[in-house]
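Chemist: Based on what follows, work out the 3D shape:
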Amino acid sequence: MAVYVTPPIAVPAALIVLGLWQVLRGLWPKRQGQTPCCKACGCNLTGIERVRRPECGRELGAKAVVLGERVRRPRRNAPGLTLLLLAATPAAFAVRSFRKFNWYAHMPASSRIFPTERADDELSGKPWAELEARVQTRGMTRKDVSSFVDMCLRQLADHEKHT
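Modeler: Numbers count the residues shown, from 1 in each chain. Below is the predicted model:
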């Protein structure tokens, strides 16, 4: 029976999503009332009978006018900001654990061969170590071994050209 563990980033990610949703609802609440307003700039159009809007200069039309005003309440942002702050600390630890995790052990061997071809890459030692462990434990397919040998021979030929 398999035991599933929540990844360390799942809880902070959920808190971040909920926090952002709360903050956005606080900044852009639903429209309330029947007051005609400009859809683009939000200015109140009560009593205006012009063809153009006074604030933004756009033409008035059926699609350009919405009913209701947005009543912003800054206190509604507090729960969202609290959730975002609560998520910041675990998210920082989760990012650290993601960086320390050995991703090469879970990648197919064919995708590990190409990063080893670049000698200037600072991470080129990790794929080499993982490939060596796979070769010793016979965890590579025949095709992967063939690709690995071809890549090694290419690197050897390049090294001999430069010396």
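
Chemist: Just name whatever secondary elements the strand or helix carrying residue 130 is in contact with.
Modeler: Using DSSP states H and E, residue 130 maps to helix 125-136. The contact analysis (3 or more Cβ pairs under 8 Å, 6 or more residues apart in numbering; DSSP states H and E) places helix 125-136 against helix 109-113, helix 142-162. Any C-beta I mention is one placed from the backbone N, CA and C, and that applies to glycine too.

Chemist: so how far is it from its chain's centroid?
Modeler: 30 Å (Cα atoms, centre = their mean, to the nearest Å).

Chemist: Let me see the domain layout of this protein.
Modeler: What automatic domain parsing lists as the domains of the chain is 7-29+72-101, 31-69, 104-162.

Chemist: And the shortest one, end to end?
Modeler: One end of domain 31-69 sits 5 Å from the other (Cα to Cα, to the nearest Å).

Chemist: returning to what we had before: now the weakest link among the domains of the chain, please, by mean pLDDT.
Modeler: Per-stretch averages of pLDDT across the domains of the chain put domain 104-162 at the bottom, with a mean of 69.

Chemist: Output the helix holding residue 130 in PDB, but only the C-alpha positions, please.
Modeler: Taking Å, rounded to 0.1, in the frame of the first residue of the first chain, the C-alpha atoms of helix 125-136 are listed here in PDB:
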ATOM      1  CA  GLY A 125      29.200  16.900 -11.800                       C
ATOM      2  CA  LYS A 126      25.700  15.800 -10.600                       C
ATOM      3  CA  PRO A 127      24.700  14.100 -13.900                       C
ATOM      4  CA  TRP A 128      28.100  12.400 -14.100                       C
ATOM      5  CA  ALA A 129      27.700  11.000 -10.600                       C
ATOM      6  CA  GLU A 130      24.200   9.900 -11.200                       C
ATOM      7  CA  LEU A 131      25.100   8.200 -14.500                       C
ATOM      8  CA  GLU A 132      28.100   6.500 -12.900                       C
ATOM      9  CA  ALA A 133      25.800   5.200 -10.200                       C
ATOM     10  CA  ARG A 134      23.300   3.900 -12.800                       C
ATOM     11  CA  VAL A 135      26.100   2.200 -14.800                       C
ATOM     12  CA  GLN A 136      27.300   0.400 -11.600                       C
END
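
Chemist: Measure how it sits relative to helix 142-162, angle-wise.
Modeler: Helix 125-136 runs at 130 degrees relative to helix 142-162, counting by axes from the mean of the first three to the mean of the last three Cα atoms, to 10 degrees.

Chemist: still on that earlier bit, make a markdown table out of the domains of the chain and add mean neighbour count.
Modeler: Listed next are the domains of the chain as a markdown table, based on neighbours: other Cβ atoms under 10 Å:
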| stretch | mean neighbour count |
| --- | --- |
| domain 7-29+72-101 | 14 |
| domain 31-69 | 12 |
| domain 104-162 | 13 |
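
Chemist: No further questions, thank you.
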